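Peer 1: Fold the following for me, if possible:
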Amino acid sequence: MERCQCPAAQQNTQAHTKFLQGLSLFEERYTMVGFERAGAYRVVDFVDQRLADHICRIDTQLKPYAQGL
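Peer 2: Just a heads-up that it's a prediction; the model follows:
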């Protein structure tokens, strides 16, 4: 996004950081208590929601800037 000078580049970087921080919290919990079925469902829901939101709101803004690459 930055290479293509997309105005959403900073927002994209922030979203990636928040996503990784969220995954890190799940990892910490898993390390502390081990596998829990409910925790696994929460991870799947978290990833599903974040990816859908990110792709629909942020990544789609890259399309006009990435054409021709």
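
Peer 1: C-terminal to the longest helix along the chain, which secondary structure element comes first?
Peer 2: Identified as the longest helix of the chain according to DSSP state H is helix 9-33. Toward the C-terminus, helix 9-33 is succeeded by helix 37-57 as the next helix or strand (DSSP states H and E).

Peer 1: Enumerate the positions of that next one that are buried.
Peer 2: Within helix 37-57, the residues scored as buried using 16 or more other C-beta atoms under 10 Å are 43, 50, 54. (Glycine included, C-beta is placed from N, CA and C.)

Peer 1: Next, format those as TSV and append pLDDT and distance to R3.
Peer 2: Shown next, in TSV, are these (pLDDT from 0 to 100; distance: C-beta to C-beta, whole Å):
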residue	pLDDT	distance to R3
V43	96	31
R50	91	23
H54	87	19
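
Peer 1: Report the distance from stretch 60-69 to the chain centre.
Peer 2: Centroid separation between stretch 60-69 and its chain, computed with C-alpha atoms, centre = their mean, to the nearest Å, is 19 Å.

Peer 1: contacting residues around that stretch?
Peer 2: Residues from elsewhere that reach stretch 60-69 (C-beta atoms under 8 Å, 6 or more residues apart in numbering): 1, 4-8, 12.
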